[in-house]
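Visitor: return a 3D structure for these sequence lines:
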Amino acid sequence: MARGLLGCVLVSRIGGTVTAGRIVETEAYLGPEDGASHAAFRPSSRWLFYGRGGVSYVFQAYGVHACLNAIAGPAGTPGCVLIRALEPLAGRPAMARRRGRRDLATHLPSPRARAALTSGPARLTQALGITLRDSGRDLRRGRLTIHAAATPARLAVATGPRIGITRSANLPLRFWVRGSPFVSRAAGRR
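Guide: The predicted model follows:
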């Protein structure tokens with residue numbers, strides 16, 4: 001599922017404001033056998049990890065930043081996909097305001113500058129207004145949704161180890177759109 005979400009569109013509807021971005025980077029997290037998975041070390045999250053797929057799991061990284069995951073499997077099978085980076089598609093002024101980057105709201109900066117809005121799991125949740133209250137939402141309907149790409153594209157996908165973790169860091173469970181300037185780490189832009 002982590003690879004399959006690349007190219008899909010994440011949409012947030014808060015009040016009358018719609019923000020959206022194309023998913024360009026993800027990471028897969030497995031069950032308790034994966035030392036980096038919350039199913040392995042965060043017992044309070046297990047009710048979501050073992051629930052039905054298509055539901056959001058939002059957690060706070062380092063006690064500060066909200067991060068969005070999509071629960072991936074059928075009920076009883078743990079696993080999720082961390083959404084790491086988006087290519088902004090709609091609502092850029094609102095994204096810039098939420099991120100405190102008004103400089104990116106009024107003109108059309110380069111893709112690399114626009115990447116500052118949504119490249120990285122904490123940046124994208126802030127830009128789309130996603131908070132801990134969004135955990136447990138159905139990602140098929142409501143204020144937070146994921147949609148298939150309007151026109152399925154053949155994406156050049158790269159794979160590598162997950163980043164920003166210490167447990168099970170060597171597993172090749174990070175996926176990104178090769179060449180996208182919106183990927184969160186420069187090493188992923190090869």
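Visitor: what ranges of the chain fall below the confidence cut-off?
Guide: 30-50, 61-64, 105-112, 150-153, 162, 164-168, 186-190 (pLDDT under 70).
Visitor: so where do the helices sit in it?
Guide: Per DSSP state H, the chain carries helices over the ranges 38-41, 46-49, 92-99, 111-118, 121-128.
Visitor: so what's residue 96 up against?
Guide: Contacts here follow C-beta atoms under 8 Å, 6 or more residues apart in numbering; on that basis residue 96 touches 102-105, 117, 127. Just so you know, the C-beta spots here come from the backbone N, C-alpha and C atoms, and that holds for glycine as well.
Visitor: quick one: which of those residues is nearest to residue 179?
Guide: residue 117 (18.8 Å; C-beta to C-beta).
Visitor: give the contact list for that closest one.
Guide: Residue 117 touches 88, 92, 95-96, 99, 101, 104, 123-124, 127, counting by C-beta under 8 Å, 6+ apart.
Visitor: how many other residues sit next to residue 22?
Guide: 21 (other C-beta atoms under 10 Å).
Visitor: quick one, the top strand by length along the chain and helix 111-118 angle?
Guide: Secondary structure of the chain read by DSSP state E shows that its longest strand is strand 17-29. Calculated by axes from the mean of the first three to the mean of the last three C-alpha atoms, to 10 degrees, strand 17-29 forms an angle of 90 degrees with helix 111-118.
Visitor: could you list the buried residues of strand 17-29?
Guide: Under the neighbour-count criterion of 16 or more other C-beta atoms under 10 Å, strand 17-29 has 17, 19-29 buried.
Visitor: in its sheet, what does that strand sit against?
Guide: strand 9-14 (antiparallel), strand 80-90 (antiparallel), strand 174-177 (antiparallel) (DSSP bridges).
Visitor: export the ones you listed as JSON lines, with columns for distance to residue 1 and mean neighbour count.
Guide: Below are these laid out as JSON lines (distance: least, C-beta to C-beta, whole Å; neighbours: other C-beta atoms under 10 Å):
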{"stretch": "strand 9-14", "distance to residue 1": "14", "mean neighbour count": "20"}
{"stretch": "strand 80-90", "distance to residue 1": "5", "mean neighbour count": "24"}
{"stretch": "strand 174-177", "distance to residue 1": "10", "mean neighbour count": "26"}
